[in-house]
Every structure is written in structure tokens, then in C-alpha cells.
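K.L.:
Output the structure for:
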Amino acid sequence: MFLQLVLCAVIGVYGVNGQLFSGCSKDILKEIETCISNSADFSSLEPSTLVSFFTNPTEAFCSKKTQLISLTACIYNTVLKCYDDSFKTLFPTNEMNEKTVNYLCDRFNSYNVTCLVKAIAESASCFTQGLNDLSSNPTYDEFKSYVCGSQKNTKNCIEDSKKFNECPETKKTLLELSKIQNPEACGGETGFESEVFGSAPTMYQSVVLLITISLMMFIF
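P.N.:
Take a look at the predicted model:
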């Protein structure tokens with residue numbers, strides 16, 4: 001189930017230009033289970049609890065931050081095996097994910113989960129505005145437009161949301177996480193700040209990356 005969450009809800013099960021190889025999801029599920037079972041501090045952890053860290057960081061996780069970073073890297077590297085190398089610039093790096101964990105753990109006391117959930121719900125139509133589904137076998141350019149457009153939409157929707165203004169520290173945190181996780185192909189942190197998100201037509205804007213971050217990996 002965790003693999004399905006990762007691939008379906010976060011990344012999406014797409015044959016990226018024919019590079020999603022046969023049997024990938026089955027193999028990855030086993031490898032993800034191995035990542036968790038081999039983690040001394042999180043071996044009995046429910047996958048849903050791990051994912052919840054990215055929407056509700058707690059002392060229980062942050063007190064074992066080094067181990068958490070190692071576990072998320074193991075899972076993330078496993079998922080990326082489904083994708084051709086040329087597409088991996090469209091996902092956050094392990095360095096970005098580590099920076100995300102560190103940032104969240106530095107600020108978890110100021111993270112208002114209730115406000116976050118309400119603000120995302122209020123902004124749902126904004127996040128999906130102009131969304132066109134990816135084809136079943138997208139090219140690199142199509143996938144890049146989708147990802148970079150999603151990041152652009154995420155930034156604009158959070159900044160313009162009145163509900164997020166009710167929890168300014170959470171708003172600041174989510175924007176910073178989005179900036180940290182902005183893929184290299186979409187300009188990285190500099191591109192996020194300047195709003196130059198690679199080649200990003202608005203027709204591909206989506207909420208997927210927001211969920212990945214307030215989440216990621218998400219996961220990640």
C-alpha cells in the first residue's frame with residue numbers, strides 16, 4: 001500500500017517515455033519494505049505514519065532525524081529506479097530532501113496542522129485550475145511542463161490564499177519547503193524565488209507537487 005501511495009498519490013504511475021520498466025511496482029514494494037525493516041529506529045513503523053511526518057512533524061521523529069533522513073533516502077532512491085536518468089532532474093534530490101527534514105525539525109513547534117489542512121482544502125480549485133492530465137506515456141518535455149507548472153501554481157496559490165494568512169508561520173514554512181524541493185529542471189531555489197520555473201505552461205499546473213512536499217516525496 002505504501003508503494004501505491006508513493007507512485008499514485010505523489011509521483012503517479014506513468015511510463016515515462018517508455019522507461020517505467022515491467023514489474024517495477026512489485027519489485028519496489030519489496031525494496032521499500034526492506035528499507036523500513038532495516039531501519040533500527042523505524043522498523044515497526046506504519047508507512048502512513050512516516051508520510052504524516054511531512055504534514056505533522058513531531059519530536060518523536062525529529063529526535064531521530066539522522067535515521068529518518070537515511071530511511072527516506074532509501075525509499076526515495078528505490079522509487080526513482082522506475083524512472084530513466086534523464087527524468088530524475090524533475091524530482092527533488094536527496095540533498096533537497098535532507099534539507100527539508102532539517103527545516104521541518106527546526107520549525108515543527110510552529111507548524112499549525114489544522115490550519116494547513118483547512119487552507120489546502122480552501123485552495124483546492126486553485127491548485128487544479130487549468131490542469132490537463134498527462135498522457136499515459138509522457139515525453140520529457142511534457143513531464144517537465146507538468147512538474148514545473150505545478151510548482152508555479154503551488155507558489156501562487158499559497159501566496160494568494162486568505163486561509164493561509166490565518167497561520168502565517170505555517171504559510172512561511174510551506175513556501176520554504178516548496179522552494180527547497182523545487183527540482184533542478186524547474187530552476188531550483190533560485191527559479192522558485194524568481195518565478196522562472198523552466199518551461200512551464202499554465203495548462204500543466206497541478207497540486208501533485210504540493211502534496212509531495214507537505215508531505216514528498218515527498219514521502220520525502
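
K.L.:
Ends of stretch 163-171, what's the gap?
P.N.:
In stretch 163-171, first residue to last residue: 9 Å (C-alpha to C-alpha, to the nearest Å).

K.L.:
Regarding this structure, what is its longest helix?
P.N.:
helix 140-160 (DSSP state H).

K.L.:
List the buried residues of whichever helix or strand comes after that helix.
P.N.:
Scanning forward in sequence from helix 140-160 by DSSP states H and E, the next helix or strand is helix 168-180. Buried residues in helix 168-180, counted by 16 or more other C-beta atoms under 10 Å: 170, 171, 173, 174, 175, 176, 177, 178, 179, 180. All C-beta atoms are positioned from the backbone trio N, CA, C, and that covers glycine.

K.L.:
And stretch 113-125, by the same measure?
P.N.:
For stretch 113-125, using 16+ other C-beta under 10 Å, the buried residues are 115, 116, 119, 120, 123.

K.L.:
residues near residue 127, how many?
P.N.:
Using other C-beta atoms under 10 Å, residue 127 is surrounded by 21 other residues.

K.L.:
could you measure it against residue 160, distance?
P.N.:
11 Å (C-beta to C-beta, to the nearest Å).

K.L.:
measure the residue nearest to residue 186 when sequence neighbours are not counted to residue 162 for me?
P.N.:
Take residue 186 and drop its neighbours on the chain: the residue closest to it by C-beta to C-beta, 6 or more residues apart in numbering is residue 148, 4.0 Å away. Distance of residue 148 to residue 162, computed by C-beta to C-beta: 26 Å.

K.L.:
Tell me which of those two has more neighbours.
P.N.:
residue 148 (26 against 9).

K.L.:
is it true that the more buried one touches residue 185?
P.N.:
Yes: with contact defined as C-beta atoms under 8 Å, residue 148 counts as touching residue 185 (7.0 Å).

K.L.:
Mind listing residues that contact the helix or strand hosting residue 119?
P.N.:
Assigned by DSSP H and E, residue 119 belongs to helix 113-122. Contacts to helix 113-122, defined as C-beta atoms under 8 Å, 6 or more residues apart in numbering, come from residues 55-56, 127, 158, 161-164, 166-167, 170-171, 174, 210, 214.

K.L.:
next one: that helix to chain centre, how far?
P.N.:
17 Å (C-alpha atoms, centre = their mean, to the nearest Å).

K.L.:
what do you get for stretch 182-193?
P.N.:
With C-alpha atoms, centre = their mean, you get 14 Å for stretch 182-193.

K.L.:
do the same with stretch 73-86
P.N.:
13 Å.

K.L.:
distance between the ends of it?
P.N.:
Termini of stretch 73-86 sit 19 Å apart (C-alpha to C-alpha).

K.L.:
which parts of that stretch are buried?
P.N.:
73, 74, 75, 76, 78, 79, 80, 82, 83.

K.L.:
got it, and stretch 47-61?
P.N.:
So for stretch 47-61, counting by 16+ other C-beta under 10 Å, buried means 47, 50, 51, 53, 54, 55, 56, 57, 61.

K.L.:
any chance of the residues you listed in CSV, plus pLDDT and distance to residue 92?
P.N.:
Output for these, formatted as CSV (pLDDT from 0 to 100; distance: C-beta to C-beta, whole Å):
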residue, pLDDT, distance to residue 92
47, 71, 19
50, 78, 17
51, 76, 15
53, 82, 16
54, 77, 12
55, 75, 17
56, 79, 20
57, 83, 17
61, 89, 19
